[in-house]
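**Q** I would like to see how this sequence folds:
(one chain, ligands or ions: 1)
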Amino acid sequence: MPVDMPTVLLAIVVVACSMGSAVLVSGWRLPRPDGLALWGVGLLLLALGFVLFGLHGWLDMPWLLWLGNVLLSLSYALVLLALEHFHQRRCSPWMLAGPVWLVALLSWGFLHQPQWRVPAVDMVLLGQWCIVAASVFRCQTGPLERGRWLLLLGASLMGVVYLGRLWSQVMGWSQIDQLLLSQLPQVLTHFAGLAGLVFLTLGYVLMTKERADAEFRQNARLDALTGVPNRSAFLDTFQHVLAQAARGRWPVSLLMADIDKFKVINDTYGHLAGDAVLRAVAQRLQSGLRAQDTLGRYGGEEFLVLLPDTPMAGARTLAQHLRYSVEQMVVPWEGQSIAVTISVGVYGCIPDGVQDAQALIDRADQAMYAAKRAGRNRVEVADVALACA
Ligand SMILES: Nc1nc2c(ncn2[C@@H]2O[C@H](COP(=O)(O)OP(=O)(O)OP(=O)(O)O)[C@@H](O)[C@H]2O)c(=O)[nH]1
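**A** Okay, the predicted model is just below:
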């Protein structure tokens with residue numbers, strides 16, 4: 001089937017323009033630096049570059065070709081910049097601007113020698129796609145998500161396009177200075193490039209969506225005020241640790257810490273001061289824990305601390321330490337200092353795989369209420385008779 005080369009170029013321009021403007025609009029002034037706007041501008045520059053190539057085919061003005069090549073290289077540099085922006089990395093100016101300068105120099109220097117200009121420029125552009133592919137690989141943490149797979153596929157396709165172009169030049173299959181001639185290698189490489197652009201852009205957009213989804217999931221598991229895991233996230237971790245402890249037959253302890261007379265703090269200093277106290281207590285508790293321990297906000301002014309591989313005696317010592325640490329703290333508020341204390345209930349057991357997490361929390365809660373009844377600012381351990389129930 002004969003394919004008209006100007007139509008192929010037009011298709012590239014239309015697709016790059018529409019994708020570029022859509023991405024630019026969706027990334028415009030986003031609060032988070034996703035690099036989408038950069039990507040959109042890159043696509044628009046690419047479209048402009050192809051418009052200039054097409055015009056050169058008709059008007060035969062060499063500077064159009066030079067500018068088209070520079071714009072193409074600039075658009076690839078913007079793709080790289082967008083990726084680095086997405087990952088909040090600083091990109092070396094040499095990596096970004098170096099190839100663009102090289103393309104500008106080579107295509108100007110060999111403006112009237114297409115046998116040198118075309119392969120030289122193609123080699124630099126191929127190098128740019130290698131850098132893009134390396135950048136996609138470098139941001140891999142854990143298994144590749146679908147967005148990155150698509151990006152890699154797109155970058156590889158672009159690499160194949162330039163290799164194919166170089167190969168067809170070496171083999172003499174295409175008249176390299178005749179851009180508008182409908183030669184099979186030209187048509188094939190341009191179509192492959194178009195497909196590469198679509199894969200790349202979809203991959204990039206998907207990658208931003210995947211990151212937003214992951215952040216949303218993560219935030220949904222954190223308490224917005226204190227930044228520690230919320231009740232449902234804590235319960236998930238607790239269930240998981242209980243199952244592991246039951247398999248390994250190691251002890252698990254739980255602390256329930258409740259701020260004393262918190263209502264008085266709220267009533268005296270105001271609700272915002274109460275919030276500041278909650279944040280300060282959460283920080284204090286967190287700073288006294290090991291990496292494997294989990295602090296969670298159970299509700300209102302109640303915090304839970306999960307201590308894997310910790311017998312009740314050790315948990316009690318830690319609880320005393322945390323209680324003392326909070327007692328020593330003062331929360332500054334509008335020129336005043338708010339004193340805070342906590343009451344802590346301790347419960348521990350070697351799980352047998354049958355216990356329900358909620359039942360264990362209730363035991364720690366009962367111990368905490370015993371501490372309240374005994375006068376507050378103290379630690380109480382659950383009834384030993386119940387300790388392994
Ligand atoms: N500022 C603030 N207050 C909260 C928050 N969640 C719950 N509270 C308040 O915490 C207070 C808890 O009061 P109580 O249950 O009577 O407990 P308490 O005053 O600490 O008394 P004891 O626990 O017996 O020492 C209530 O006034 C709630 O409105 C919050 O996120 N921020």
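**Q** What parts of the stretch 201-350 of the chain come near the ligand?
**A** Within the stretch 201-350 of the chain, the positions lying close to the ligand (C-beta under 6 Å from any ligand atom) are 225, 258-263, 266, 271, 274-275, 278, 300-301. Just so you know, the C-beta spots here come from the backbone N, C-alpha and C atoms, and that holds for glycine as well.
**Q** Just the ones of the residues you listed in strands?
**A** Using DSSP state E, the members of these that fall in strands are D258, I259.
**Q** Let's have the residues of the stretch 201-350 of the chain next to the ligand in TSV, adding distance to R323.
**A** Formatted as TSV, those follow (distance: C-beta to C-beta, whole Å):
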residue	distance to R323
L225	22
D258	11
I259	11
D260	10
K261	15
F262	15
K263	20
N266	21
H271	25
G274	20
D275	22
L278	17
G300	19
E301	15
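**Q** Buried among the residues of the stretch 201-350 of the chain next to the ligand? Make that a ChimeraX selection.
**A** Selecting only the buried entries of these in ChimeraX, with 16 or more other C-beta atoms under 10 Å as the criterion:
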select :258,259,260,262,266,274,278,301
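**Q** How is this protein divided into domains?
**A** Using automatic domain parsing, the domain parsing of the chain gives 5-220, 231-386.
**Q** Including mean pLDDT, could the ones you listed go into a markdown table?
**A** As requested, those are exported to a markdown table (pLDDT from 0 to 100):
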| stretch | mean pLDDT |
| --- | --- |
| domain 5-220 | 88 |
| domain 231-386 | 94 |
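**Q** quick one on the thing from earlier: inside helices: which ones of the residues of the stretch 201-350 of the chain next to the ligand?
**A** Taking DSSP state H as the definition of helices, these contribute F262, K263, N266, H271, G274, D275, L278.
**Q** how near is the third one to V228?
**A** Spelled out, it's N266. According to C-beta to C-beta, to the nearest Å, N266 and V228 sit 20 Å apart.
**Q** Look through the stretch 201-350 of the chain and state the residue closest to the ligand.
**A** Nearest to the ligand in the stretch 201-350 of the chain, going by C-beta to the nearest ligand atom, is G274, at a distance of 2.6 Å.
**Q** L102 contacts V124, doesn't it?
**A** Yes - counting by C-beta atoms under 8 Å, L102 touches V124, with 5.0 Å between them.
**Q** who has more neighbours, those two?
**A** Taking neighbours as other C-beta atoms under 10 Å, L102 and V124 compare with V124 leading, 23 against 18.
**Q** Against the ligand, how distant is that one?
**A** V124 is 58 Å from the ligand, where distance means C-beta to the nearest ligand atom, to the nearest Å.
**Q** how about that residue, what does it touch?
**A** By C-beta atoms under 8 Å, 6 or more residues apart in numbering, the residues touching V124 are S73, P99, L102, V103, L106.
**Q** can you tell me the helix or strand for the first one?
**A** Under the criterion of DSSP states H and E, S73 resides in helix 62-86.
**Q** which phi and psi does whichever residue of the stretch 1-150 of the chain sits closest to the ligand have?
**A** Proximity of the stretch 1-150 of the chain to the ligand (C-beta to the nearest ligand atom) peaks at P31, 25.2 Å away. For P31, the backbone dihedrals (degrees, to the nearest 10) come out as phi -60, psi -30.
**Q** for G270, same thing?
**A** Backbone geometry at G270, expressed as degrees, to the nearest 10, gives phi 100, psi 160.
**Q** picking that back up, what's the spacing between the residue of the stretch 201-350 of the chain closest to the ligand and V326?
**A** With C-beta to C-beta as the criterion, G274 and V326 are 15 Å apart.
**Q** who's in contact with stretch 363-376?
**A** 254-258, 260-261, 302, 304, 341, 343-347, 378-383, 386, 389.
**Q** Among the residues you listed, name the ones in strands.
**A** 254-258, 302, 304, 343-347, 379-381.
**Q** Which members of those are the farthest-apart pair?
**A** With C-beta to C-beta as the measure, no two of those lie farther apart than E302 and V381, at 17.7 Å.
**Q** More neighbours: the two, which one.
**A** Comparing E302 with V381 by other C-beta under 10 Å, the one with more neighbours is V381, at 21 against 17.
**Q** give the contact list for the more buried one.
**A** By C-beta under 8 Å, 6+ apart, the neighbours of V381 are M312, R316, G345, V346, Y347, A367.
**Q** and if we set it to 6 Å?
**A** R316, V346 (C-beta atoms under 6 Å, 6 or more residues apart in numbering).
**Q** Tell me the bridge partners for it.
**A** Note on V381: beta-bridge partners V346, judged by DSSP bridges.
**Q** Thanks a lot, see you next time.
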